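J.: just to be clear, the model below is a prediction. Sequence and coordinates:
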Amino acid sequence: MTNRMWGGRFAETPSEIMEEVNSSIDFDKRLFAQDIAGSQAHCQMLAAKGIISADDAAEIIRGLDQVQSEIEAGTFTFSRSLEDIHMNVEARLAEIIGPAAGRLHTARSRNDQVATDIRLYVRDTIDHLDHQLADLQKALAIKAKEHSDAIMPGFTHLQTAQPVTFGHHCLAYVEMFGRDRERFADARKRVNQNPLGAAALAGTSFPIDREMTSQALGFDSPMRNSLDAVSARDFAIETLSAAAISAMHLSRLSEELVLWTSAQFRFVSLSDRFTTGSSIMPQKRNPDAAELVRGKAGRVIGALVSLLVMMKGLPLAYGKDMQEDKEPLFDALDTLSLCVAAMTGMINDLTPNLAEMRAAADAGFATATDLADWLVRVLGLPFRQAHHVTGALVAKAEARNVGLHELALAEMQEVEPRITDDVYSVLTVDSSVRSRKSLGGTAPDNVLAEAERWLKQLG
Ligand code: ARG
């Protein structure tokens, strides 16, 4: 049998390989709910405008409800020869209600249909991701509140730099995921525009009402150029770029978990629930979930690149190339959702090893900047000179294998005779973090207030 959708002109069936390269049903079947919602909105509008009869519309709506139930129940047979979700649904509708099914596609094309379906899917997925990211922020803010004064080394170049608090470190990610949510919310505005009614590319001669379908489907407004409506995929690309950035943030946090759970750091422990053992080395506890979140960022970033490259050479309007948007888009958004869930699980699961973190902060001359600042504040040295003096003191402490606070006053005075006892008050990691009260600084009071502010905002 030739294709029932365009068999009028075609005498032969497609070759097997044509069917394989052309068919998208294996992956676009997940758009069934969006496809049916779009069809029902379109059908209601056609009836309201007198383009099809109320009786036919009622039959179509009923038939589509049945198709949806069959798909949800798993009794629907998807067929590759029917190419995609649009034609699978319509073909089954025809079996259920007969010839009236043929009226549904009036004033519509698969080009505006598929654009509508993907926009609805992306919109719903953004809303889901927003909830998930808020949960992750909450998990981090709770840890931050619990450990607002837990001292750990802060790093630059992965070298001990200045002491910070564990809570402050957690809140840094709360900020990042907050911006990720803003990016998704911003992308959502451009996702939530209605292409339905653009038809194949030029609009239609039927007196359709695009405001009506927009309202029915929860779109903000109809898109204003039919060529653009069917051929734009920047909404998906923009969403993927927000996803790629978020995946990159998750990957950075994962990298920290990988480092922190290592025997070299031992800053945090993950339980059996989020680690695996080795089949050969009994001592191992591997942070696989963190590694996988780090690794999966590559897929999300790849999806963004994939869509950009797929689109960059396409003349207006629709081209079948665009069918290739779906697999990377679905994969990336599924992957991100899984990664956010895994990260939230790990954050809830982890226990910071407070003693290890503090010991590491004590070990790396992390208060050297505080010493230099003291020389500026108390002795009035220019910062550059203070830096130099402090460097000499660090070298002394290093040579003796002691901390800065363990240098005797006499030893310090060999380098700078005006140093007094008062200097010891700034050499502990506690005094260091307590002093960092500037807006956004790591002082425990700041961190506690910020954690509470976030928790209140996150509800
Ligand atoms: N499966 C197609 C896609 O994903 C639907 C649109 C097909 N349109 C067409 N003119 N062949 O893009």
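T.: Great, that's in hand.
J.: when you work out contacts or count neighbours from here on, use the C-alpha atoms and nothing else.
T.: Noted.
J.: what lies in contact with stretch 85-95?
T.: Contacts with stretch 85-95, where a contact means CA atoms under 8 Å, 6 or more residues apart in numbering, come from 5, 24-25, 28-29, 31-32, 35-36, 60, 63-64, 67, 78-79, 82, 100-102, 110, 113-114.
J.: mark which of these are buried, thanks.
T.: Buried subset of the contacts of stretch 85-95 (neighbour count, 16 or more other CA atoms under 10 Å): 24-25, 28-29, 31-32, 35-36, 60, 63-64, 67, 78, 82, 100-102, 110, 113-114.
J.: contacts only, for the residue of the chain found nearest the ligand.
T.: At 3.6 Å from the ligand, Q323 is the closest residue in the chain, using CA to the nearest ligand atom. If you count contacts by CA under 8 Å, 6+ apart, Q323 has them with S24.
J.: what's the answer for D325, then?
T.: By CA under 8 Å, 6+ apart, D325 lies in contact with L307, M310.
J.: cool, F76 as well?
T.: Applying CA under 8 Å, 6+ apart to F76 gives the contacts V67, E70.
J.: ok so, going back, out of the buried ones among the contacts of stretch 85-95, which sit inside helices?
T.: Filtering the buried ones among the contacts of stretch 85-95 for membership in helices, criterion DSSP state H, returns I25, D28, F32, D35, I36, I60, G63, L64, V67, R110, Q113, V114.
J.: so which of those residues comes closest to A48?
T.: I60 (13.9 Å; CA to CA).
J.: give me the nearest residue to that closest one, chain neighbours excluded.
T.: A101 (6.2 Å; CA to CA, 6 or more residues apart in numbering).
J.: which residues touch the one you found?
T.: D56, I60, E90, L93, A94.
J.: and M1, what's its pLDDT?
T.: We have a pLDDT of 49 for M1.
J.: ok, now the one 3 residues further on?
T.: Looking at R4, its pLDDT reads 66.
J.: surely A198 is within a strand?
T.: No. Under DSSP: H, G, I helix; E, B strand; the rest coil, A198 sits outside any strand and is assigned coil.
J.: could you find the closest non-adjacent residue to it?
T.: S226 (4.4 Å).
J.: what is the burial count for that neighbour?
T.: Neighbour count for S226, taken as other CA atoms under 10 Å: 22.
J.: where does this structure dip in pLDDT?
T.: Within the chain, the stretches with pLDDT under 70 are 1-2, 4.
J.: mind doing that once more with 50?
T.: For the chain, the stretches with pLDDT under 50 are 1.
J.: how far away is L140 from N286?
T.: 22 Å (CA to CA, to the nearest Å).
J.: more neighbours, these two?
T.: Counted by other CA under 10 Å, L140 and N286 do not tie: L140 has more neighbours, with 26 against 18.
J.: contacts for stretch 419-428, please.
T.: By CA under 8 Å, 6+ apart, stretch 419-428 touches 362, 367-368, 370-371, 374-375, 379, 404-405, 409, 412-413, 431-432.
J.: at 6 Å instead, please
T.: Stretch 419-428 has contacts (CA atoms under 6 Å, 6 or more residues apart in numbering) with T367, H405, Q413.
J.: by contact count, what packs against the helix or strand that contains D117?
T.: Assessed by DSSP states H and E, D117 sits inside helix 110-146. For helix 110-146, the packing partners by 3 or more CA pairs under 6 Å, 6 or more residues apart in numbering; DSSP states H and E come out as helix 166-191, helix 444-458.
J.: that one vs the ligand: in contact?
T.: Yes. Using CA under 6 Å from any ligand atom, helix 110-146 comes into contact with the ligand via R110, N111, V114.
J.: out of the contacts of A101, which is most surrounded?
T.: I60 leads these on contacts (other CA under 10 Å) with 27 neighbours.
J.: tell me the contacts of the residue nearest to A198?
T.: So S226 contacts A198, L201, A202, G203 (CA under 6 Å, 6+ apart).
J.: 10 Å instead?
T.: Contact analysis of S226 by CA atoms under 10 Å, 6 or more residues apart in numbering lists 112, 195-204, 232, 317.
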